[in-house]
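Student: sequence unknown, structure follows:
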């Protein structure tokens, strides 16, 4: 995909589940994430729900490591991701270096995602307005 190429969504190409508008969260686990320059940034490891608000808060992007060992994890605001149903991946508008510089965590030391200060910083880093 060339930089700034529009993402084409085909409503008929839904994959497993009832469609691209409503999907089982597990269907998205393992999906690759690319930037606009078509550089692979990682893959979706988990999807975090904001239970009180009934919304998806973050996708957890896994990056680096080998076979799940040594991966660095990143909380990506859900609204920063665009689903490309044709390629069955997500697109995140961020360059490679900015992703490398992002605040991450490891599987044994998750941030307190309910902390408003942390959440605000995270949304600002990815140029997203907080959803709450």
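Tutor: Arrived safely. Because the structure is a prediction, the values reported are computed rather than measured. Numbering: from 1, shown residues only.
Student: and the pLDDT for residue 21?
Tutor: As predicted, residue 21 sits at a pLDDT of 78.
Student: next one: the one 3 residues further on
Tutor: Taken from the predicted model, the pLDDT recorded for residue 24 is 86.
Student: mind listing the strands the longest strand along the chain pairs with, and their directions?
Tutor: Longest among the strand segments of the chain by residue count, using DSSP state E, is strand 40-50. Take DSSP bridges as the rule and strand 40-50 pairs in its sheet with strand 32-34 (antiparallel), strand 55-63 (antiparallel).
Student: in stretch 115-128, what counts as buried?
Tutor: Neighbour-count burial for stretch 115-128 flags 119, 122, 123, 125, 126 (criterion: 16 or more other Cβ atoms under 10 Å). Placement of C-beta: from N, CA and C, glycine included.
Student: typed the wrong thing, it's stretch 96-104
Tutor: Quick answer for stretch 96-104 (16+ other Cβ under 10 Å): 99, 102, 104.
Student: for residue 87, see how far away residue 41 is.
Tutor: As for residue 41, its distance to residue 87 is 14 Å (criterion: Cβ to Cβ, to the nearest Å).
Student: looking at the two, which is more packed in?
Tutor: Neighbours per residue (other Cβ atoms under 10 Å) separate residue 41 from residue 87, with residue 41 holding more: 22 against 16.
Student: wait, that one touches residue 96, no?
Tutor: Yes: the pair residue 41 / residue 96 is scored as a contact, 7.5 Å apart, by Cβ atoms under 8 Å.
Student: next, show the common contact partners of the two.
Tutor: Residues touching both residue 41 and residue 96 (Cβ atoms under 8 Å, 6 or more residues apart in numbering): residue 35.
Student: hmm, back to that, now, which of the buried residues of stretch 96-104 lie within helices?
Tutor: Among the buried residues of stretch 96-104, the ones falling in helices (DSSP state H) are residue 99.
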